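In: All I have is the shape, not the residue letters:
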């Protein structure tokens, strides 16, 4: 075996396959367990109800020229999450191979170094939104691929001056720049790349020829046309997103220039250094979970494989006799790529941060960061073997970081499924026009209006409009959509090409703590003084939760299986939600049945408050001994539930006079606690 490994070598033809394996290892190991995130859900709703054409049309106010990408891909892939995850992997692989080809066109004598840069490009850990595949593969990555390809075609046209290469480069440049504003600043890479590639006797002639090629070959005019078009559109009444000139002070260019220069140091720090250095935490932090151990295994496997593959790969760079010419060129081009890539997001006033969802903006500096990183390594490490070992290490760490990020998306998908299944158990049917209001849900990669799309898909009463909406008071309260929670106020929101019309009188308040079950606030059984954990901005409006909008049976039945697969096993939350639904309709026997079934299965409450519904059922049905024991257990775990327990025993006493003595005793015992006073 060892002899066979020693004799094994890899040809240049294996590189695309190696890239495919790295792509799968980095982003695809958990693909079958991933789903839809962020704006994906908006597109799934449009595609499901109105088809690919309406989905494409919905981009007219945002990025009209990306419509064909969405039209083509959605016509083929439909609404299956795994199909979109695979699509995202394929697009990422193809763009990375386009980057490799481009680097080879710029430096044909440095294929090995071009490979380093392309591998860094493929795994860059600063960009953490690969799994928002429906959205970003179409909205940015395809355009990105075309722009990178245009740079490679320009380089090819310089070495092989045929008209077809220039025409192809101009077409790819137009697609890359006109479809999104993300990469407009990256165009500054092209003249710098041309300057580096030209071999002229004087620097002045080199500069003149660079400008001639950039301008007279048409690249400058394509860039100018795309830039003017993007500027006018983003500042027109037709545009529905961020103002393109949000951070640009047209009256004070000098101040703007200094502001941008001050931003460059933080940009370099975040994009080019922190993005890489934070990956070292993966091997220095304690291994506290299975995910930590799996991540370490992925890093170890990737490191060994990369070192072995690069060592046995039969490509060799030209010797530059101790000079650092390639490293200097890569560093210069990398810095230009980072500075240029930052311009559009800076103009829009958007921050560059290593957290969701601002890390999506790092796509525009990714090309430059990869070049800068490889150039610095090549400059600082003089021994080729050490270079490749270090590059293999940071690539392996980046793979581990992306694996952890992928697992975070997997958990979020599980949490999404859990939320919608619990909602379906608790609210089998919802009347159209219902607004679900909460402070915030324990979901990481979706916001409220995006979650409104699966909410409508689950209940699905009317394809012509948005019949339901989910709102976070944390984001919306005090705004135009949700000015306040008082009843009788109209609520209107245009959602892409459809509209939600509602009223604050048709509002149901919900709450889900991170470690507990979903709770639908029923004012009959929940007072604002007896709901520990409910945010203050919701607690004062408990009485406005219109529980009559929740139905046991109706035309608008929830069907989460259509998008989230088979429901989870009948866990504690299943019985809790079923019990709360039964309580809403006064079916105390069913409440008790759910408690007994859960108890016999060895299930217990995730939070003490989840026992309240069962205490009331036990008390009302005369099982006061069990109710008393459960009351003592609950109060011992959380004294803040004291007032809620008093109210339960008071309601039980009023409904069942025969338990008068037991109820009086329980109320008296509870009333001595400080929390009940």
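Out: Perfect, thanks for sending it. These numbers were taken from a predicted model, which means no experiment stands behind them. Numbering: from 1, shown residues only.

In: can you list the domain ranges for the chain.
Out: Annotated domains of the chain cover 2-410, 427-568, 570-677 [automatic domain parsing].

In: is it possible to export those to TSV including mean neighbour count and distance to residue 419?
Out: Backbone N, C-alpha and C define where each C-beta goes, glycine included. Formatted as TSV, the domains of the chain follow (neighbours: other Cβ atoms under 10 Å; distance: least, Cβ to Cβ, whole Å):
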stretch	mean neighbour count	distance to residue 419
domain 2-410	19	12
domain 427-568	18	6
domain 570-677	18	10
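
In: Make TSV from those and add mean pLDDT to it.
Out: Compiled in TSV, the domains of the chain are given as follows (pLDDT from 0 to 100):
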stretch	mean pLDDT
domain 2-410	88
domain 427-568	86
domain 570-677	86
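
In: can you redo those domains as CSV with distance to residue 418?
Out: As requested, the domains of the chain are exported to CSV (distance: least, Cβ to Cβ, whole Å):
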stretch, distance to residue 418
domain 2-410, 12
domain 427-568, 7
domain 570-677, 8
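
In: do you know which of the ones you listed lies nearest residue 420?
Out: domain 427-568 (4.6 Å; Cβ to Cβ).

In: quick revisit: which one of the domains of the chain lies closest to residue 417?
Out: Ranking the domains of the chain by proximity to residue 417 (Cβ to Cβ) places domain 427-568 first, at 4.3 Å.

In: contacts for whichever strand or helix holds residue 583?
Out: Following DSSP states H and E, the helix or strand that holds residue 583 is helix 572-584. Contacting residues not belonging to helix 572-584 are listed as 418, 422, 425-428, 517-520, 522, 524-525, 547, 550, 552, 568, 588, 590-591, 594-595, 597-598, 603-606, 610, 613-614, 616-617 [Cβ atoms under 8 Å, 6 or more residues apart in numbering].

In: The nearest residue to residue 379 once chain neighbours are set aside: what's it in contact with?
Out: Distances taken as Cβ to Cβ, 6 or more residues apart in numbering put residue 327 closest to residue 379, at 3.8 Å, once the chain neighbours are dropped. Residue 327 is in contact with 375, 376, 378, 379, counting by Cβ under 8 Å, 6+ apart.

In: how about those, which pair is most distant?
Out: 376 and 378 (7.4 Å).

In: so what secondary structure elements neighbour the longest helix anywhere in the chain?
Out: Ranked by number of residues, the top helix in the chain under DSSP state H is helix 384-426. For helix 384-426, the elements it packs on are helix 111-123, helix 275-277, helix 281-284, helix 290-312, helix 363-380, helix 448-459, helix 561-564, helix 572-584, judged by 3 or more Cβ pairs under 8 Å, 6 or more residues apart in numbering; DSSP states H and E.

In: redo that, cut-off 6 Å
Out: Applying 3 or more Cβ pairs under 6 Å, 6 or more residues apart in numbering; DSSP states H and E, one finds that helix 384-426 contacts helix 111-123, helix 290-312, helix 572-584.

In: Centre of the chain to the helix or strand just after it, how far?
Out: Next helix or strand after helix 384-426 toward the C-terminus (DSSP H and E): strand 429-430. Distance, stretch centre to chain centre, for strand 429-430: 29 Å (Cα atoms, centre = their mean, to the nearest Å).

In: who's in contact with strand 429-430?
Out: Strand 429-430 has contacts (Cβ atoms under 6 Å, 6 or more residues apart in numbering) with 459, 551, 554, 556, 557.

In: Could you tell me which of those belong to helices?
Out: Taking DSSP H as the definition of helices, those contribute residue 459.

In: Out of the contacts of strand 429-430, which is nearest to residue 75?
Out: Nearest to residue 75 among the contacts of strand 429-430, with distances taken as Cβ to Cβ, is residue 459, at 26.3 Å.

In: Enumerate every residue touching that closest one.
Out: 430, 556, 558.

In: farthest-separated two in the contacts of strand 429-430?
Out: Longest span within these, Cβ to Cβ: 459 and 551, 10.8 Å.

In: List the single closest residue to residue 438 in space, sequence neighbours excluded.
Out: residue 510 (4.8 Å).

In: Across the sheet, point out what pairs with the one you found.
Out: residue 520 (DSSP bridges).
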